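Visitor: Just need the structure, nothing else, for what follows:
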Amino acid sequence: MQGMRRRTLLSAAGGTAVAGGLLGAGSAQAAAPAVRGTATDAGQGAAADGPRAAGPYDRKIRELLGRMTIDEKFGQLQQLPWTWDTGPGGGETKAVEDAARKGMLGSVFSIFGAKTTNALQKIAVEESRLGIPLVFGLDVIHGMWTNFPIPLAQAASFDPAVSAADAEVSAKEARSNGVHWTFAPMMDVTHEPRWGRIAEGNGEDPYLTSQFAAAKVRGYQGKDAKGLKDKDRLAACAKHFVAYGGAEGGRDYNTVDVSESRLRNLYLPPFKAALDAGAATVMASFNTISGVPAHGNPHTLTEILKREWGFDGLVVSDFTGVQELIAHGFAEDGADAARLSLNAGVDMEMTSTHFVDNGKKLLRAGKIEESRLDDAVYRVLQLKFQLGLFDHPYVDEDGAVDKPTAEARKAARTAGARSMVLLKNEKSVLPLSATASSIAVVGPFADSGDLLGTWVIPASQEKFPAVKVLDAVKKAAPKAKVTYAKGVDAAGEDTSGIPAAVSAAKAADVTVVVVGEPPSISGEAAARSDISLPGAQEKLVEAVAATGKPFVVVLVNGRPLTLGGWLAQAPAVLVAWHPGTEAGNALADVLFGTVNPGGKLPVSFPRTVGQIPIHYNHESTGRPYDPDNKYTSKYLDLPNGPQFPFGHGLSYTEFTLGGPKLSRSSVPAQALRKGDTLEVSVSVRNTGKRAGDEVVQLYVHDKAASITQPVRKLRGFRRVTLEPGGSTTVRFRLGAEDLGFWTNDTRGRFVLEEGTFDLYVGTSSAADDKVTLTVT
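Guide: Reported below is the predicted structural model:
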């Protein structure tokens with residue numbers, strides 16, 4: 001039997017090589033699983049697992065720690081909200097100022113503005129006993145004044161430089177306004193399109209998400225930790241740690257039950273990539289992980305993050321995440337929540353105040369150790385030194401960026417167009433002609449500035465709404481007669497406006513139908529049980545289709561949608577997502593062919609919610625799909641597979657790929673263990689009449705493994721631009737990390753097993769062309 005002939009050839013155990021604490025000394029081995037809530041909790045020992053090399057600020061931090069009272073130490077672990085309400089509780093400015101004055105505050109979030117931050121910083125620096133500066137945080141998710149496309153859209157570009165550009169512009173705008181720390185990037189891989197926060201991440205694949213997470217971290221922070229002092233950089237925060245995207249039913253904050261192997265193969269890789277790129281901080285997630293809330297989970301926060309990976313940065317709670325241990329039924333009260341969370345590895349508490357309120361009595365009772373307290377404070381102070389706040393606590397009020405610059409708008413426009421995905425284009429409806437005599441623009445989002453997406457700073461929405469599609473179409477086709485009809489609202493069942501939209505479509509050469517989701521129903525706390533077009537929007541599309549005139553449907557959305565019966569009637573469909581500040585201009589660039597669409601879906605589009613979860617990187621069953629055999633894994637009332645698969649996206653030109661080639665068809669596992677790699681190459685040619693982009697994708701399938709593997713997993717992609725008739729050869733390198741997998745060993749064991757691997761190369765996850773590799 002094939003399974004019996006296999007043997008493990010690469011085994012890398014985690015959790016034994018790197019200590020987790022910053023101040024202690026002792027054994028460098030991972031702790032055995034501890035009993036919940038005892039003095040031997042794995043998290044409580046985080047600062048006593050082994051010595052670490054002193055960082056550049058070690059002497060200064062230790063000296064400052066030696067001068068601090070216990071109260072002041074706990075104060076550094078407190079983060080309070082300012083005036084922008086991001087959740088239950090809101091912000092109280094006087095309480096924040098009083099805490100800063102007493103030296104009982106480490107950080108403030110949801111605050112920005114050079115004058116505002118300077119005033120509060122002055123209280124902390126000039127009126128508190130030790131003058132320790134505050135660190136100011138803000139949810140700069142995909143822009144501050146200049147909003148780029150939502151992160152899910154950015155992933156559709158299959159170009160990590162798009163996210164890097166977003167981060168660089170965002171960092172410059174935010175830092176000039178007194179912000180030091182952004183709670184981004186979010187890197188929660190998910191197979192759940194009902195989950196609203198899919199908009200904030202990069203979709204269903206860990207490899208793609210890893211590339212974008214690393215790029216965004218570097219965009220925020222610069223290429224190394226020294227960049228945090230720069231006036232145009234922010235400290236990044238890898239969130240939400242971990243498995244938040246696995247929420248049952250797509251309901252936000254819900255339970256996640258996950259095996260160790262899935263945790264390590266699906267959810268953890270983007271975090272490791274972000275930390276390897278230098279992410280300064282990590283945020284814990286709201287969910288439970290196999291019964292243990294993430295905010296009280298020593299296995300993930302300490303054993304994996306701080307010990308196995310050697311993370312020496314700051315772990316912050318999410319909004320009232322410590323408090324919520326009580327509602328989870330994990331902690332009895334606030335003191336218990338503080339004990340469990342701090343001992344598990346949380347270093348700073350956001351909004352709720354259980355660390356500060358209960359810390360001293362927990363110390364006296366021996367329920368937390370001062371070494372763990374000092375470890376947490378060390379991490380907070382280290383971040384402040386890395387940001388240069390002790391030397392430069394204030395920001396230049398005259399240098400604050402207060403609006404999107406022309407350069408920033410140009411970058412956002414480029415990103416928006418680069419992120420759009422052409423789902424279908426029958427009869428070559430697209431691109432539109434700029435010399436068309438008449439164009440109708442209809443739909444609830446045709447004349448709307450509400451296209452920025454979820455997690456937008458309210459002041460940005462008010463001052464700098466998105467460029468409207470209607471205005472951009474008029475500008476792109478100045479000689480055309482452009483008519484507009486709303487047709488229907490974004491929600492609700494009123495169809496009285498549809499006749500006007502139909503009349504406009506009948507009178508026009510072509511109609512652009514702009515439909516989708518308002519940003520308010522995607523993002524946090526925005527789960528949907530029905531992910532079709534809201535309200536009467538499908539009726540609008542069907543009515544326009546019934547005219548028999550050419551039309552294109554533009555989707556503005558924060559998640560994959562089920563597209564319904566109207567899809568078959570629409571000759572062209574373009575996914576624009578929520579494109580950001582330059583929405584209309586970016587969309588017009590694609591509609592009129594100034595930009596040839598080259599984006600690909602970073603997440604599968606289901607046919608119906610009854611298919612969910614449906615994703616390309618699923619595992620095989622013992623009875624895989626067979627259309628001729630009832631007794632196989634399928635739905636009786638649906639075709640197999642999604643409506644549109646991961647990696648799908650069309651162009652206004654055509655591309656032809658050659659067959660994939662291997663530099664060698666067999667490779668010894670021992671060579672891979674030593675860092676050897678092999679090459680997969682494929683030629684790609686633009687056989688059409690327009691210049692355009694294609695994304696070449698490489699997928700791996702381990703045909704037989706000791707733990708069932710995905711039928712395919714993405715291990716390489718490259719977006720190339722080719723002129724008509726142009727060609728190039730795309731080359732990928734594969735190594736042990738691409739061919740192996742993590743087992744269910746809770747201490748972390750990565751293995752590479754001998755056997756055969758199918759390597760697929762194509763333009764989506766449905767690629768057929770493959771070569772076979774043998775690992776001996």
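
Visitor: When you work out contacts or count neighbours from here on, use the C-alpha atoms and nothing else.
Guide: Fine.

Visitor: Quickly find the element holding residue 513.
Guide: Assigning secondary structure by DSSP states H and E places residue 513 in strand 510-516.

Visitor: what bits of this structure have low per-residue confidence?
Guide: 1-53, 84-92, 225-226 (pLDDT under 70).

Visitor: Grab the most central residue of the chain for me.
Guide: The chain has residue 201 as the residue nearest its centroid, 2.5 Å off, counting by CA atoms, centre = their mean.

Visitor: residues in contact with stretch 635-642?
Guide: Here stretch 635-642 makes contact (CA atoms under 8 Å, 6 or more residues apart in numbering) with 604-607, 614-615, 625, 634.

Visitor: quick one, what contacts the residue nearest to the centre of the chain?
Guide: Counting by CA under 8 Å, 6+ apart, residue 201 has contacts 151-152, 185-189, 209.

Visitor: Compile the contacts of stretch 635-642 into a markdown table and extend it with columns for neighbour count and distance to residue 652.
Guide: Shown next, in a markdown table, are the contacts of stretch 635-642 (neighbours: other CA atoms under 10 Å; distance: CA to CA, whole Å):
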| residue | neighbour count | distance to residue 652 |
| --- | --- | --- |
| 604 | 27 | 22 |
| 605 | 24 | 21 |
| 606 | 23 | 24 |
| 607 | 21 | 25 |
| 614 | 22 | 28 |
| 615 | 23 | 27 |
| 625 | 17 | 33 |
| 634 | 18 | 34 |
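
Visitor: farthest-separated two in the residues you listed?
Guide: 605 and 625 (18.9 Å; CA to CA).

Visitor: what about residue 149, distance to residue 412?
Guide: Between residue 149 and residue 412 the computed distance is 7 Å (CA to CA, to the nearest Å).

Visitor: joint contacts of the two?
Guide: With CA under 8 Å, 6+ apart as the test, residue 149 and residue 412 both reach 580-581.

Visitor: Might one say that residue 593 is in contact with residue 429?
Guide: No. With contact defined as CA atoms under 8 Å, residue 593 does not reach residue 429; the gap is 11.3 Å.

Visitor: Please enumerate the strands of the stretch 451-600 of the chain.
Guide: For the stretch 451-600 of the chain, applying DSSP state E, counting those that start in this stretch gives strands covering 481-485, 510-516, 551-556, 572-575.

Visitor: Let me see the residues that make contact with the longest one.
Guide: Among residues not part of strand 510-516, those counted as contacts by CA under 8 Å, 6+ apart are 438-446, 490, 505, 533-534, 537, 541, 549-557.

Visitor: same thing but at 7 Å, please
Guide: Applying CA atoms under 7 Å, 6 or more residues apart in numbering, the contact partners of strand 510-516 are 439-446, 505, 533, 537, 549-557.

Visitor: Which of those fall in helices?
Guide: 505, 537 (DSSP state H).

Visitor: Of the contacts of strand 510-516, keep whichever come out buried.
Guide: 439-446, 505, 533, 537, 550-557 (16 or more other CA atoms under 10 Å).

Visitor: Name the nearest residue to residue 663, sequence neighbours excluded.
Guide: residue 679 (5.2 Å; CA to CA, 6 or more residues apart in numbering).

Visitor: Could I get the contacting residues of the one you found?
Guide: 662-663, 731-734.

Visitor: Same check on residue 664?
Guide: Residue 664 neighbours (CA under 7 Å, 6+ apart): residue 678.

Visitor: Now with 10 Å, please.
Guide: 678-680, 773-774 (CA atoms under 10 Å, 6 or more residues apart in numbering).

Visitor: Mind checking which of these land in strands?
Guide: Among these, the members found in strands (DSSP state E) are 678-680, 773-774.

Visitor: hmm, which of the residues you listed are the buried ones?
Guide: Neighbour counting with 16+ other CA under 10 Å marks 678, 680, 773 as buried within the ones in strands among the contacts of residue 664.
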